[in-house]
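Trainee: Structural data only, the sequence is not supplied:
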């Protein structure tokens, strides 16, 4: 890569294998397509799409639908190519080279990537046996000088839920901008997205990729006070969210109630899977997301792979398993039970 | 915007008005939806989409279809959210703060935006009465120290075609990386995208937004030697191009022949419009794109607006008019003929 700048020489192009066959429990995807009613509404809309026109760059209909759901103003919402694009915009907007970012570790790997792309320094606060302590983060903020604080609740990959009161404690402890990633919050007991509007220094990030079963459309949103939304919109590429993604996301959020059964099923399967994995003697972590963090011998994963069951390896003997359908979870447990160490 | 960094304080959130009524000739869009056969093929594919799965992050089927069209290897291709995302990746990958970029002016406005987002300096080479001289750019490269050279052919907004031989002269005059934006090349007489593979220092950018009538899907691609493609893929956000966009783009490029009639019609209408605008006494610039750059009194634009005909104003008395359908162009000419200065 002869033209890449010196500081990026270590970067490598990331590729992923395309798995089309087997049981895919490695990407925190829903095992279900969106409800048929939602797909049918979308297909009806497709008939009227002007493919030859650029998308609405201000995503008006979608911002309005999100604002309606949260009973807020559409000026407090912006849309991106997944919440990833919006997070990236904030990192670029706020950070100078050498600036610090702080968050629990392990967490969503892109936080560190975005920090390093702008030459920032990512400070990781580790938990005791992967369990995070809120005061450790608050002390970390005090003992450093972060420009950005990252909170992911429920946390990817550990599944730990940071409660609303704890999130508020962190936010109120600092003047730094707090990025509150609630990608998995619909699988928890309490959606507290609206706290974004109680403070100047919070941006909440949400996505259509998890509970709404739409990672294919690459669509996320941010909620915050208007000057933070303006900041993102100053950096964001114009017209990044496609017309079809805007249409599908608008239908999905307007009809969010239709997802209730799917979400309830994933939550009950998560509890069942947690119990079954515990019975097998693995060390499982309580999760309020659609996945379970687990320590188990690598031998188990080898056997899963032989059976075309794909889970996410974090490091030796540490895995994240996405909750699948009832059948998929049964197959997973059945195979794990057959493994002889 | 209290959290934005000092160097970005001048940025403003960009919004655009949503025009849904009238004759829209301001965004270089095709007046036609893609051919019905292409939309029908897409609708058939939609039935099998797993909306609940992330897109193929390596866009294998689409890269292969593009490689087939140009008779090149898929390793020499990468896909982005419009060519914009890919251009942005290159600017971020190559430029350090203070680095220089050079190109003709006026040209596609995002080149300057991308330069400034990474703290670079954009050097503009002006033409004599908007007509660019290749040697001026070559001298500009010699007298400065650019890391990136921008060529847009046919140039947006002037329509000037930079011929293959001239592009080669520029490329061979420098060791800097040359970004050759051929967004409108299908409206010209010669698609020379393949020169990308004759040099180490060229990346060609193409889009589905213009001749293929698909700005709604936000999809572009780059062609270059593998180490330049790797460089882009090292910076590019994973999974940025949606599943539906990949499907639609793959169908479109595999069936590119179906667009022939539309493209021929736009080209012949461009010549007719050029002649008519000339007859009206405007100073028009020869164009090999789907738009015409023209100097005319602002009064004309006022009357067009009253008639809900939207063209793009660059500055006082300077406009870019997208070639519309026959009816749209007739309406445009008819209204212009009625204007009394």
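Mentor: Good, I have the coordinates. Note that the structure is predicted; figures quoted are calculated from it, not measured.
Trainee: For residue A:105, which non-adjacent residue is spatially closest?
Mentor: Among residues not flanking residue A:105 along the chain, residue A:124 sits closest, at 3.4 Å (Cβ to Cβ, 6 or more residues apart in numbering or on different chains). In this view, the C-beta of every residue, glycine as well, is placed from N, C-alpha and C.
Trainee: try residue A:322
Mentor: Closest to residue A:322 by Cβ to Cβ, 6+ apart is residue A:25, at 4.2 Å.
Trainee: quick one, phi/psi of that neighbour?
Mentor: Main-chain dihedrals, residue A:25, degrees, to the nearest 10: phi -120, psi 40.
Trainee: measure it to chain B for me?
Mentor: When distance is defined by Cβ to the nearest Cβ, to the nearest Å, residue A:25 is 12 Å away from chain B.
Trainee: before we move on, what about residue A:228?
Mentor: 7 Å.
Trainee: How many residues are close by the closest residue to chain B within the stretch 1-150 of chain A?
Mentor: Chain B sits closest to residue A:13 of the stretch 1-150 of chain A, with a gap of 3.5 Å, by Cβ to the nearest Cβ. Residues within reach of residue A:13, counting by other Cβ atoms under 10 Å in any protein chain shown, total 17.
Trainee: Quick check: closest non-adjacent residue to it.
Mentor: Per Cβ to Cβ, 6+ apart, closest to residue A:13 is residue B:233, 3.5 Å.
Trainee: so which strand or helix has that neighbour?
Mentor: Here residue B:233 sits within helix B:226-235, counting by DSSP states H and E.
Trainee: Read off the pLDDT value for the residue of the stretch 1-150 of chain A closest to chain B.
Mentor: We note a pLDDT of 88 for residue A:13 in this prediction.
Trainee: list the contacts for it?
Mentor: Contact partners of residue A:13, counting by Cβ atoms under 8 Å, 6 or more residues apart in numbering or on different chains, are B:229-231, B:233-234.
Trainee: Same question for residue A:335.
Mentor: By Cβ under 8 Å, 6+ apart, the neighbours of residue A:335 are A:303-304, A:307, A:309.
Trainee: Could you tell me which of those residues count as buried?
Mentor: A:304, A:309 (16 or more other Cβ atoms under 10 Å in any protein chain shown).
Trainee: Just list whatever residues bridge to the residue nearest to residue A:105.
Mentor: For residue A:124, the beta-bridge partners under DSSP bridges are residue A:103.
Trainee: For it, grab the count of nearby residues.
Mentor: 14.
Trainee: before we move on, what about the one 4 residues further on?
Mentor: Close neighbours of residue A:128, defined as other Cβ under 10 Å, add up to 8.
Trainee: same thing with residue A:301?
Mentor: 20.
Trainee: And it, its phi and psi?
Mentor: The phi and psi torsions at residue A:301 (degrees, to the nearest 10) take the values phi -60, psi -40.
Trainee: distance of it from residue A:309?
Mentor: Distance of residue A:301 to residue A:309, computed by Cβ to Cβ, to the nearest Å: 9 Å.
Trainee: Would you mind stating the distance between the nearest residue in space to residue A:132 that is not next to it in sequence and residue A:86?
Mentor: Distance criterion Cβ to Cβ, 6+ apart; nearest residue to residue A:132, sequence neighbours excluded, is residue A:104 at 4.7 Å. From residue A:104 over to residue A:86 the distance is 20 Å, taken as Cβ to Cβ.
Trainee: Show me which residues of the stretch 151-300 of chain A are close to chain B?
Mentor: A:177, A:200-201, A:209, A:213-218, A:227-231, A:233-235, A:237-245, A:248 (Cβ under 8 Å from any Cβ of the partner chain).
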